[in-house]
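In: Need the 3D shape of this:
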Amino acid sequence: MIWGIICATIILYGANIYLFKVYFKEKKIIDQLERLAIMFGTNMGVLLVDSLVIFFGVVLEDSLFLLL
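Out: Below is the predicted model:
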């Protein structure tokens, strides 16, 4: 479970770094509110996927523990 949390954190920071280094520079988005909306949308999507991965990882880990 700890590895899932670490991977989720790395993916979240990687998505934010991609937004700042590539997407915002390429699209030339100047409006601060639009940048904030894109960041919130990306972060919420990444956190949803990360939480699903961690949830199914915990379920799989518990089911494997019960089999032993």
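In: Where does pLDDT dip in the chain?
Out: Of all residues in the chain, those with pLDDT under 70 make up the ranges 1, 68.
In: can you tell me how far the residue most central in space within the chain sits from residue 39?
Out: Most central residue of the chain, judged by C-alpha distance to the mean C-alpha position with Cα atoms, centre = their mean, is residue 46 at 3.0 Å. Remark: distance between residue 46 and residue 39 (Cβ to Cβ, to the nearest Å) = 11 Å. Any C-beta I mention is one placed from the backbone N, CA and C, and that applies to glycine too.
In: Ok, residue 5 next?
Out: Between residue 5 and residue 39 the distance, using Cβ to Cβ, works out to 21 Å.
In: If you count surrounding residues, which of the two has more?
Out: Higher neighbour count among residue 5 and residue 39: residue 39, with 16 against 12, using other Cβ atoms under 10 Å.
In: Give me the neighbour count for the nearest residue to that one once chain neighbours are set aside.
Out: Residue nearest to residue 39 in three dimensions, not counting chain neighbours: residue 19, with 6.2 Å by Cβ to Cβ, 6 or more residues apart in numbering. Residue crowding around residue 19 was assessed by other Cβ under 10 Å; the count is 17.
In: Likewise for the one 10 residues further on?
Out: Using other Cβ under 10 Å, residue 29 is surrounded by 13 other residues.
In: Could you tell me how far it is located from residue 52?
Out: As for residue 29, its distance to residue 52 is 29 Å (criterion: Cβ to Cβ).
In: Who are the contact partners of the residue nearest to residue 39?
Out: Taking Cβ atoms under 8 Å, 6 or more residues apart in numbering as the criterion, residue 19 is in contact with 38, 39, 42.
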